[in-house]
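Colleague: got a structure for you, letters missing:
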């Protein structure tokens, strides 16, 4: 409770003058207001006294009414300006979203124009095709200033790949001309039509959200006006009460005092009534402010990205299917164009709605930033800026709190069901998009044309999808507003939540926000620079070939190799191994012991280039919390056991396999000079990179200690199970021609001799240099 209210409740109002002699008086009914620490109503006396007037508390800081009115007008004027700014920002956001779609369609129009003209030039072979490439390059340079925003779209990379590909494409047939000029042109027209239709539907959703925000802003203005009005009335009632008490103190006649006491009682009741109204109005004002801020926060941080996802739903997938038609024609015309096909496949795989959205929002942060937070503007003399559960309104507030709690529970359940419906609708819509025939192989056989399904089905699914998306958006906005009110009322009432009684030591996986318009994996995912989960999902390899092959080679030939994972390998060999693994080949079948450093280098390179590290970024804090401020290493191991259970099963299997190998490698630390600490120093930057928003110097020690603990206590952290491959220490090896005899453990004697590295790669930058491994002469 603010100081002003405490003074008001604990100090009586004294008269402004002292009577010459005290007379017996009948005290007026006391003003009942809650004290600062009481749980029940405590009367505060307003009986005039003979003492000198005390210094008035800030609660009674009387100012001319005209100044209050000026303050209210100023507050209303500033609020109106803020609302205008919010309206302008919302309209600007919608305008930029439309411009983004137009930019995408402009890029698409360029691709469409390319294929149309490519069909005409196809008949004239290389010469005309070369002229086309030059014309497109000139056009791009001429419009370079207008196309600066193209770099934020993943489709631009696809466009660049296609343009560069024209240099090597010289010969084409008539069928290729038909494919480019007729079938693909029609497909692009369909994409443009579908995208514009989806844009208009999503725009209506955005306008509905805007109207919802404007509605709560109007509600805020109304509550703010009511608040200031009741505060003024309370101030006037207080002034009148004080005036009549002063008059009563001057009256010496007993009869007149009795008559005056009734007027005092009436004024006191009026004052109590106006003060209660002021309390309620202030609480409503504060809760409405929080509700409006929550709505603005929710719209800017969640709804705008969701709108972008909804607008782009199926866009990249449709383009990918159209380009795959082009690829099918290329494969049937000439098998020798495999390099071009692989390049375009990678470009299709790079189509990523999430990355496009993130880059676009980052490039326009001034437009899509969260709206300015509205602050509570107190009335003159009101220093309380929080929602208080006054005794006079506590029961009513508690009743409202329980009603809101029940309503929130129901809304959240309904909200989850809506999202499940959206996911099912997205799957149906994506299945419809994927059913479109992009394979034109039949044209090279019997000239059968691909049959397109009816558009009416897609329109029906789209209408239902957008309607559910609208329900989802409005429902989430309502939940955000109610949750804001719920939290501030809960804080005022001091109610306990379910989350407070849960075990704080229990580690949970961070909750990821729900994503609208999640697109399927397009083409074969990358091995280097891709996502491990996507690669395992598509290839059905529990352990990717690059990991199993490198681990097997080091198991056979490199366990005794001094400085393994620390000494850099030859960069030329690492690049060759990388290219072979990317093609699905195993270049380590006939590897020799002298190449172990290069084998370890390509394995480190693989982990370092993963788009999502082996230790996922969203789990970084969970892993670090296992190692920081723990009383013992056993407690750390216990925490790690909980965290690894939260990992996706494919990641768990890969991690169990790789750390079992590292644990095995440390058994030969007397010979290879790589104990658990040294391995952790070399591998931690690749396995668990520190996020950019973290202190790199502070967390590097934690990550190294974490990796060391997992290597040392692998058997305790990763319990053995039947699912997934398990690392075997002594695998059966096949003798390689020209190699020395191997011992019982399958370790080549040549691997115990170390040759100088041919090239110093960047891997050495990731190792800690201050631990004693090898002398320069040994290296």
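Modeller: It's in. If you're wondering where the values come from, they're calculated on a predicted model, not measured in any experiment.
Colleague: for this protein, which spans come out with low pLDDT?
Modeller: For the chain, the stretches with pLDDT under 70 are 1-70, 170-173, 335-336, 434-440, 442, 444, 446-454, 495-524, 722, 730-779.
Colleague: isn't residue 90 right up against residue 213?
Modeller: Yes - assessed by CB atoms under 8 Å, residue 90 is found in contact with residue 213 at 7.0 Å. (Each C-beta comes from the backbone N, C-alpha and C, glycine too.)
Colleague: Mutual contacts of those two, please.
Modeller: residue 299 (CB atoms under 8 Å, 6 or more residues apart in numbering).
Colleague: Quick one: distance of stretch 232-243 to the chain centre.
Modeller: 52 Å (CA atoms, centre = their mean, to the nearest Å).
Colleague: ugh, typo on my part, it should be stretch 254-265
Modeller: How far stretch 254-265 lies from its chain's middle: 68 Å, per CA atoms, centre = their mean.
Colleague: Now do the buried residues in that stretch.
Modeller: Within stretch 254-265, the residues scored as buried using 16 or more other CB atoms under 10 Å are 257, 260-261, 264-265.
Colleague: Helices - which of those land there?
Modeller: Per DSSP state H, helices hold the following members of the buried residues of stretch 254-265: 257, 260-261, 264-265.
Colleague: Which of the residues you listed sits closest to residue 587?
Modeller: Set against residue 587, the nearest of those by CB to CB is residue 265 (98.4 Å).
Colleague: Need phi/psi at the residue of the chain most remote from its centre.
Modeller: Ranked by distance from the centre of the chain (CA atoms, centre = their mean), the top residue is residue 253, with 75.8 Å. Residue 253 has phi and psi values of phi -80, psi 130 when expressed as degrees, to the nearest 10.
Colleague: ok, it to residue 259 distance?
Modeller: 9 Å (CB to CB, to the nearest Å).
Colleague: ditto for residue 595
Modeller: Counting by CB to CB, the gap from residue 595 to residue 259 is 111 Å.
Colleague: Am I right that residue 564 sits in a helix?
Modeller: No - checked against DSSP: H, G, I helix; E, B strand; the rest coil, residue 564 lies outside a helix; its state is coil.
Colleague: what's near enough to touch it?
Modeller: By CB under 8 Å, 6+ apart, the contact list for residue 564 reads 554, 558, 596-597, 600, 665, 672, 674.
Colleague: Make a markdown table out of those residues and add distance to residue 616.
Modeller: As requested, the contacts of residue 564 are arranged in a markdown table below (distance: CB to CB, whole Å):
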| residue | distance to residue 616 |
| --- | --- |
| 554 | 25 |
| 558 | 29 |
| 596 | 29 |
| 597 | 29 |
| 600 | 24 |
| 665 | 24 |
| 672 | 30 |
| 674 | 26 |
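Colleague: Could you tell me how far the lengthiest helix in the chain lies from the centre of the chain?
Modeller: Identified as the longest helix of the chain according to DSSP H is helix 184-250. From the chain centre to the centre of helix 184-250 is a distance of 27 Å (CA atoms, centre = their mean).
Colleague: Which helix or strand contains residue 326?
Modeller: helix 315-333 (DSSP states H and E).
Colleague: what comes up buried for that helix?
Modeller: 315-333.
Colleague: Can you give the contact residues for the helix or strand just after that helix?
Modeller: Going down the chain from helix 315-333, the next helix or strand is helix 338-349, by DSSP H and E. With contact meaning CB under 8 Å, 6+ apart, helix 338-349 is reached by 157-158, 161-162, 165, 168-169, 320, 323-324, 326-327, 330-331, 522-526, 530.
Colleague: mind running it again at 10 Å?
Modeller: Outside helix 338-349, the residues that touch it by CB atoms under 10 Å, 6 or more residues apart in numbering are 154-162, 164-165, 168-169, 316-317, 319-321, 323-324, 326-328, 330-331, 334-335, 337, 521-526, 529-530, 534, 582-583.
Colleague: so that helix versus helix 315-333, what angle?
Modeller: In terms of direction (axes from the mean of the first three to the mean of the last three CA atoms, to 10 degrees), helix 338-349 departs from helix 315-333 by 170 degrees.
Colleague: Any buried residues in stretch 606-626, and which?
Modeller: Using 16+ other CB under 10 Å as the test for burial, stretch 606-626 gives 606-608, 610, 613-616, 619-620, 622-624, 626.
Colleague: May I ask which helix or strand encompasses residue 178?
Modeller: Taking DSSP H and E as the criterion, residue 178 maps to helix 174-178.
Colleague: Go ahead and report the secondary structure state at residue 372.
Modeller: Here residue 372 is coil, with the state taken from three-state DSSP.
Colleague: and what of the one 4 residues further on?
Modeller: Using three-state DSSP as the criterion, the local structure at residue 376 reads coil.
Colleague: Wait, it touches residue 284, no?
Modeller: No - Residue 376 is not in contact with residue 284 according to CB atoms under 10 Å; the separation is 11.7 Å.
Colleague: higher neighbour count, those two?
Modeller: Shown here are residue 376 and residue 284; by other CB atoms under 10 Å, residue 284 has more neighbours (20 against 17).
Colleague: give the contact list for the residue nearest to residue 614 when sequence neighbours are not counted.
Modeller: Once flanking residues are discounted, residue 614 sits nearest to residue 687: 5.0 Å by CB to CB, 6 or more residues apart in numbering. Residue 687 sits next to 604, 607-608, 610, 613-615, 655, 658-659, 662, 680, 703, 706-707, 710 when contact means CB under 10 Å, 6+ apart.
Colleague: Next: residue 473.
Modeller: With contact set as CB under 10 Å, 6+ apart, residue 473 has these partners: 205-206, 208-209, 212, 298-299, 302-303, 306-307, 310, 418, 516.
Colleague: cool, residue 140 as well?
Modeller: Counting by CB under 10 Å, 6+ apart, residue 140 has contacts 110, 147, 150, 159-160, 163.
Colleague: That one: which element?
Modeller: Going by DSSP H and E, residue 140 is in helix 125-142.
Colleague: Okay, buried residues for the helix or strand following that helix please.
Modeller: As assigned by DSSP H and E, the chain's next helix or strand after helix 125-142 is helix 154-165. If you call a residue buried by 16+ other CB under 10 Å, then helix 154-165 has these buried ones: 154-159, 161-163, 165.
Colleague: ok, of the residues you listed, which one's closest to residue 646?
Modeller: residue 154 (30.5 Å).
Colleague: Surely that closest one and residue 359 touch.
Modeller: Yes - under the criterion of CB under 10 Å, residue 154 is in contact with residue 359, at a separation of 8.5 Å.
Colleague: Turn the contacts of residue 564 into CSV, columns for neighbour count and distance to residue 106.
Modeller: Converted to CSV, those look like this (neighbours: other CB atoms under 10 Å; distance: CB to CB, whole Å):
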residue, neighbour count, distance to residue 106
554, 24, 51
558, 26, 54
596, 31, 52
597, 27, 50
600, 28, 47
665, 24, 54
672, 27, 58
674, 26, 55
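Colleague: Among those residues, which are located in helices?
Modeller: Using DSSP H, the contacts of residue 564 in helices are 554, 596-597, 600, 665, 672.
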